[in-house]
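Visitor: structure for this input, please:
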Amino acid sequence: MIAASLEKIRKELPEDVTLVAVSKTKPVADIQTAYDAGQRIFGENKVQELTDKHEVLPKDIEWHFIGHLQRNKVKYMAPFVSLIHAVDSFKLLKEIDKQAKKHDRVISCLLQFHIADESSKFGLNLEEAQNILSSNEFIELHNISIVGVMGMATFTDDTEQVRDEFRTLENYFNVLKSHFFKYNDAFKEISMGMSGDYPIAVEEGSTMIRVGSSIFGARD
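Guide: Numbering: from 1, shown residues only. Sure, this is the predicted structure:
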């Protein structure tokens, strides 16, 4: 089922859209099955679970951290994490930079924006992001690379609302690209779209979707 689901989703996706298989709560055997079917990028939202899985699974897996991240947990995944999706404060960015430096790494990060009509979701607004990127302190961070933006739409059946929220995120991406990353080819990712709404996200410019239940089945 996992291999068939992966193949179905891959066939639907344009070549320039990256599929992150969200493996949170899923056993190592399921991840190995997806790996054997050719999937190499996996997303986790708990640091302990991520580090445990990293230890026992193939080393060419690209691990993405997609959950809300506490600063005191960054050190555990700093040696190996490929991309951190949910950077929602300068303090967190500074901690990632500090831990990356210890391992002589540059860790790629996405700025998370609050685009949903739900107070429970985290994220920056456009002004906060612009303040971070134009600050002198940001310029001094040499072990992080901002490669794009991330956001989660409202959990709703109203597809027009979801579409509007994705358009907002793409607009934020374009503003940041033109003001801060015009000549930086690394700033190219718009991480938006999950199992329930990724077709809309792709239509609205997503370059990276985070899909779990449509691959692995309902969460445990």
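
Visitor: C-alpha only now, for contacts and for neighbours.
Guide: OK.

Visitor: ok, D197 to T168 distance?
Guide: 15 Å (Cα to Cα, to the nearest Å).

Visitor: whoops, I mixed them up, M194
Guide: Plainly put, M194 is 17 Å away from T168 if you go by Cα to Cα.

Visitor: now H179
Guide: With Cα to Cα as the criterion, H179 and T168 are 17 Å apart.

Visitor: the more surrounded of the two?
Guide: T168 (18 against 12; other Cα atoms under 10 Å).

Visitor: so what touches the longest helix along the chain?
Guide: Among the segments of the chain that qualify as a helix by DSSP state H, the longest is helix 159-180. Around helix 159-180, the neighbours that count as contacts under Cα atoms under 8 Å, 6 or more residues apart in numbering are 113, 115-116, 126, 130, 133, 148-151, 153-154, 156, 187, 190, 192, 197, 200-201, 204-206.

Visitor: could you redo the last one with a cut-off of 7 Å?
Guide: For helix 159-180, the external contacting residues (Cα atoms under 7 Å, 6 or more residues apart in numbering) are 115-116, 126, 148-149, 151, 153-154, 190, 200-201, 204-205.

Visitor: what residues sit buried inside that helix?
Guide: 161-163, 165-170, 172-174, 176-177 (16 or more other Cα atoms under 10 Å).

Visitor: so V20 lies in a strand, does it not?
Guide: Yes: looking at V20 with DSSP: H, G, I helix; E, B strand; the rest coil, it is inside a strand.

Visitor: identify the residue spatially nearest to it, adjacent ones excluded.
Guide: Spatial nearest neighbour of V20, excluding adjacent residues (Cα to Cα, 6 or more residues apart in numbering): R210 at 4.8 Å.

Visitor: shouldn't that neighbour be within a helix?
Guide: No: if the criterion is three-state DSSP, then R210 is strand and not within a helix.

Visitor: how about the helices of the chain, start to end?
Guide: Under DSSP H, the chain gives helices at 2-12, 28-36, 47-56, 74-77, 90-102, 126-133, 136-139, 159-180, 198-203, 213-216.

Visitor: the most centrally placed residue in the chain and H142, how far apart?
Guide: Centroid-nearest residue in the chain, with Cα atoms, centre = their mean: H85, separated by 3.1 Å. According to Cα to Cα, H85 and H142 sit 18 Å apart.

Visitor: if we can go back for a sec, quick one: which two of the contacts of helix 159-180 are the most distant?
Guide: Of all pairs drawn from these, the greatest distance, 22.3 Å, lies between L126 and I200 (Cα to Cα).

Visitor: tell me which residue of the chain is furthest from the middle?
Guide: N136 (25.6 Å).

Visitor: list the contacts of the residue nearest to the centre of the chain.
Guide: Contacts for H85 (Cα under 7 Å, 6+ apart) come out as 65-66, 109-112, 150.

Visitor: let's see that with 8 Å instead.
Guide: Per Cα under 8 Å, 6+ apart, neighbours of H85: 64-67, 109-112, 149-150, 191.

Visitor: which one of those residues has the most neighbours?
Guide: That'd be S191 among these, by other Cα under 10 Å, with 32 neighbours.

Visitor: what's the closest of the helices of the chain to S120?
Guide: That would be helix 159-180 among the helices of the chain, by Cα to Cα, at 15.7 Å.

Visitor: what bridges to the closest residue to K188 other than its chain neighbours?
Guide: Of all residues not flanking K188 in the chain, G148 sits nearest, at 5.5 Å (Cα to Cα, 6+ apart). Beta-bridge partners recorded for G148 (DSSP bridges): L110, E189.
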